[in-house]
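Novice: predicted model follows, preceded by the sequence.
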Amino acid sequence: MNDQYKDKENKTVGPAFACKDSAEEKLGAAFDDLIGANIAFRDALITAQRAAQSDISVLIIGESGTGKEILARAIHQSSSRRGKPLVDVNCAAIPDSLIESELFGYERGAFTGARAEGRKGYFDEAHEGTILLDEIGDSSLSVQSKLLRVLENGSFKRVGGMKNIRVNVRVISSTNQDLAGLIEEKKFREDLFFRLNPFTIFLPPLRERFEDIPLLVDYFLKSNDAARKQKIKFSPAALRVLQEYHWPGNVRELKGVVSYAVHMTQSPSIDPGSLPKFLFSEPDSTQYNGRTAAGGAVAPYNLVESVRALERKLITEVLTKAANKSEAIRMLGISRRTFYLKLKEYGLDKQ
């Protein structure tokens, strides 16, 4: 990899290394729905709050259910654009045949079945506000090329139109995919990758922040009308069960379990008997617990997420042992290009 590429990589600010003295920095009210005291999680929130102060593009990386959309909304609400729209676009859900009309709108009579008056697209709706490109890693190459064009030029043409329409939009994107791996497989555009992530935030999975489970449980109970009226609490035994589970669905799954237990309990104190049975279905639950598994292994059910966690851990360890990056590349046995893409993706390039 040439020096120009490496310089380009070094522009990224990674969450784990950018937040010195973050323990002393207060989070604004926009982050009240993001609960946790875990250091890595708090660093991610502080990084997001700092990123909100500018219009820089932000890429949020994390497993499903970790709170990527909630964090994106907090960034928007903490920014100078808070009074303008936040438009959420699920990139994976838009068929290629509709992508242009959905993103950019269309003029009257643009195609059969179009509204007579035409229609504005998502980028129109987000003008002077923020657009969230949710699950960008699942988008097709066709979608990616059309997004790149508007991100580069700040303008687009509606379907059936001739006029260039300029928009002022702040871009936040999110993914649970390994973008560096997708680039290597020619499934994700490298030029779009660099457009999206001058600022990368990594949200850790719940299994890596087990100490936050009691805080999250308390928050969900206070947010539940039935639990609040009956003053329902989790017993220490029930909390232990939650802390020993591997949570492949992360915080979203925990919220569902709390709601289930509130409706199943016959007393104000939730005991293990009121918890869903799948929490006890493993013959030895500790082997799936990210804190106690041999070698620090994470839950094996989701192969992509498990590989990502191991990959990030391995690269971090090599960076601490290698004398320089060239040696780290040799130790890892990957190409220089892949190495720098991985550093950027996991926010490790400032280590």
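Specialist: Perfect, thanks for sending it. Owing to the predicted nature of the structure, the values given are computational and were not obtained by experimental measurement.

Novice: which regions of the stretch 1-150 of the chain sit below the pLDDT cut-off?
Specialist: Scanning the stretch 1-150 of the chain for pLDDT under 70 picks out 1-23, 109-117.

Novice: helices of that one, start to end?
Specialist: Taking DSSP state H, counting those that start in this stretch as the test, the helices found in the stretch 1-150 of the chain are 3-9, 15-18, 39-51, 68-77, 99-104, 122-125, 141-153.

Novice: what's in contact with the last one?
Specialist: What that stands for is helix 141-153. Helix 141-153 is contacted from outside by 57, 91, 94, 96, 99-100, 103-104, 123, 133, 139, 156, 167, 171, 187-189, 191-192, 195-196, using C-beta atoms under 8 Å, 6 or more residues apart in numbering. Every residue, glycine included, has its C-beta placed from N, CA and C.

Novice: so of those residues, which ones are in strands?
Specialist: Within the contacts of helix 141-153, residues falling in strands by DSSP state E are 133, 156, 171.

Novice: contacts only, for Ser259.
Specialist: 220, 224.

Novice: pLDDT at it, what is it?
Specialist: Looking at Ser259, its pLDDT is 91.

Novice: quick one: buried residues of the helix or strand hosting it?
Specialist: Here Ser259 sits within helix 250-264, counting by DSSP states H and E. Along helix 250-264, these residues count as buried under the neighbour rule (16 or more other C-beta atoms under 10 Å): 250-251, 253-255, 257-259, 261-262.

Novice: one more: stretch 81-95?
Specialist: For stretch 81-95, the neighbour count (16+ other C-beta under 10 Å) marks 81, 84-89, 91, 94 as buried.

Novice: span of it from start to end?
Specialist: End-to-end distance for stretch 81-95, by C-alpha to C-alpha, to the nearest Å: 29 Å.

Novice: before we move on, the earlier item: reformat the buried residues of stretch 81-95 as CSV; add distance to Ser269.
Specialist: As requested, the buried residues of stretch 81-95 are exported to CSV (distance: C-beta to C-beta, whole Å):
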residue, distance to Ser269
Arg81, 45
Lys84, 46
Pro85, 44
Leu86, 40
Val87, 44
Asp88, 39
Val89, 44
Cys91, 44
Ile94, 47
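
Novice: longest helix of the protein?
Specialist: helix 303-321 (DSSP state H).

Novice: about what we covered before: quick one: closest of the helices of the stretch 1-150 of the chain to Pro214.
Specialist: For Pro214, the closest of the helices of the stretch 1-150 of the chain is helix 39-51, at 14.2 Å, according to C-beta to C-beta.

Novice: quick one on the thing from earlier: top of the ones in strands among the contacts of helix 141-153 by neighbour count?
Specialist: Leu133 (27 neighbours; other C-beta atoms under 10 Å).
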